[in-house]
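Peer 1: Requesting a structural model of the entry that follows:
(one chain, ligands or ions: 1)
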Amino acid sequence: MVTFLSGGTGTPKLLAGADAVFDPGDTTVVANTGDDVELGGLLVCPDLDTVLFLGGDELDEETWWGIDGDTSETHDELRLLSVESGFPVEPRYLPDDRQTAGRRLANWRRFSAVGEFMHIGDRDRAVHLYRSSLLDEGRSLSDVTARLCAGFDVPWTVLPMSDDPVATIVHTEDGPMHFQEFWIGHDGEPAIESVEFRGAVDASPADSVRDALTDPVVVGPSNPITSIGPMLALDGVRDALADTPVVVVSPFVEDEVFSGPAGELMQAEGYDPSTAGVAEAYPFADAFVLDTHDDTDLDRPVVRTDTRMDDDEDAARVANAVAEALEGG
Ligand code: GDP
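Peer 2: Reported below is the predicted structural model:
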């Protein structure tokens with residue numbers, strides 16, 4: 001048995017070729033939900049959905065989000081209606097008093113669909129509608145995710161990190177904003193001051209997550225702050241990771257990130273934006289997989305391979321290095 005911790009890009013890339021090394025039937029994937037938003041009343045879970053669509057062989061692997069070949073008629077119409085009726089295309093929060101009204105899971109990240117700022121495909125939207133309806137029937141996100149996995153024929157067990165609301169809020173020079181507003185609405189441009197996981201002190205990992213964290217854990221190449229940080233902020237997760245073998249694949253080659261805002265976010269949170277900073281952020285890690293061009297000297301065992309993953313073959317190579325590190329770690 002093995003458990004992968006996942007954001008929306010790095011770990012899914014690894015999972016895409018991991019089945020040759022890790023039997024999907026013995027694999028659990030715990031996905032970050034701090035990035036989730038409610039958009040036009042529908043709960044969108046970007047990291048869970050990437051894992052869901054990947055497992056169902058439907059993912060758009062150019063972008064690592066959305067369904068391959070999906071149409072966007074509803075999205076296009078929403079934008080057209082907005083612009084023609086005088087509303088710009090931009091993130092539009094519901095009023096403050098609505099942020100904690102309605103569906104509890106969506107607390108602090110409730111947006112209008114006017115000027116829809118995230119691209120949501122038509123089939124993709126059906127998933128959000130289906131999810132939100134099951135939540136409104138009173139089911140937990142864990143239960144709903146299991147149903148969606150059955151619907152997409154996903155080979156792994158996929159778990160949301162929590163059934164409680166946790167919202168990743170980036171405090172910037174332009175004020176606080178949800179991660180999706182920062183990253184999609186503002187292209188990650190405002191200078192970051194700090195990151196808050198709103199709700200985390202009152203949130204727990206689901207029992208299934210606690211169980212999964214008793215197995216060996218793989219932290220795929222992920223943004224340590226906004227993809228893994230929300231999980232580490234949940235009660236008991238750090239302790240659980242300290243008690244089980246953990247292998248981390250670096251999302252950096254020394255101080256070069258493959259993609260995304262991990263460097264800026266780490267710097268804002270006081271870590272060196274590099275593999276060394278990742279190691280510092282993960283004191284519970286027992287071993288690391290680093291790129292062959294990454295000479296970072298770490299105080300824990302290291303397995304080196306080419307960690308760039310452009311296809312399933314690359315992913316299988318990195319998965320083999322992870323298995324080697326788990327044996328030695
Ligand atoms: P998000 O949820 O989309 O923000 O993404 P994740 O946190 O899941 O993954 C983002 C991280 O994946 C970034 O820090 C990248 O550097 C890293 N990454 C992306 N592609 C690769 C790759 O091919 N190899 C490695 N090692 N890391 C990658």
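
Peer 1: who touches whichever residue of the chain sits closest to the ligand in this structure?
Peer 2: Closest contact between the chain and the ligand, by C-beta to the nearest ligand atom, is at residue 7 (2.5 Å). To be clear about C-beta, it is placed using only N, CA and C from the backbone, and glycine gets the same treatment. Residue 7 makes contacts with 31, 32, 35, 47, 222, 223, 226, 227, 228, as judged by C-beta atoms under 8 Å, 6 or more residues apart in numbering.

Peer 1: what number of residues lie near the third one?
Peer 2: Counted with other C-beta atoms under 10 Å, residues neighbouring residue 35 total 25.

Peer 1: Look up which helix or strand it falls in, please.
Peer 2: For residue 35, there is no host helix or strand (DSSP states H and E).

Peer 1: of the contacts of residue 7, list those near the ligand.
Peer 2: 47, 222, 223, 227 (C-beta under 6 Å from any ligand atom).

Peer 1: farthest-separated two in those residues?
Peer 2: 47 and 223 (10.5 Å; C-beta to C-beta).

Peer 1: Output the set of residues of the chain in proximity to the ligand.
Peer 2: So the chain meets the ligand at 7-11, 13, 47, 221-223, 227, 249, 251, 257-260, 262, 307-309 (C-beta under 6 Å from any ligand atom).

Peer 1: Weed out the non-buried ones from these.
Peer 2: 7-11, 13, 47, 221-223, 227, 249, 251, 257-258, 260, 262, 307, 309 (16 or more other C-beta atoms under 10 Å).

Peer 1: if you look at the residues you listed, which of them are in helices?
Peer 2: Among these, the members falling in helices (DSSP state H) are 10, 11, 13, 47, 262.

Peer 1: ok, so of those residues, who is nearest residue 240?
Peer 2: residue 11 (17.8 Å).

Peer 1: what's the closest non-adjacent residue to the residue of the chain closest to the ligand?
Peer 2: Nearest residue to residue 7, sequence neighbours excluded (C-beta to C-beta, 6 or more residues apart in numbering): residue 227, at 2.7 Å.

Peer 1: Wait, a strand at residue 116?
Peer 2: No - with DSSP: H, G, I helix; E, B strand; the rest coil as the criterion, residue 116 is assigned coil and is not in a strand.

Peer 1: ok, how many other residues are close to it?
Peer 2: 25.

Peer 1: can you check residue 87 too?
Peer 2: Residue 87 has 14 neighbours, counted by other C-beta under 10 Å.

Peer 1: which ones are touching it?
Peer 2: Residue 87 sits in contact with 114, 115, where contact means C-beta under 8 Å, 6+ apart.

Peer 1: So which residues make contact with stretch 256-266?
Peer 2: The contact list for stretch 256-266, computed with C-beta under 8 Å, 6+ apart, reads 9-10, 170, 183, 188, 192, 195, 221, 223-226, 251-252, 255, 272-273, 277-278, 281, 308.

Peer 1: Buried among those residues? Make that a PyMOL selection.
Peer 2: The command below creates a PyMOL selection of those among these that count as buried (16+ other C-beta under 10 Å):
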select buried, resi 9+10+170+183+188+192+195+221+223+224+225+226+251+252+272+273+277+278+281
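
Peer 1: hey, which helix is longest across this structure?
Peer 2: Secondary structure of the chain per DSSP H: the longest helix is helix 312-328.
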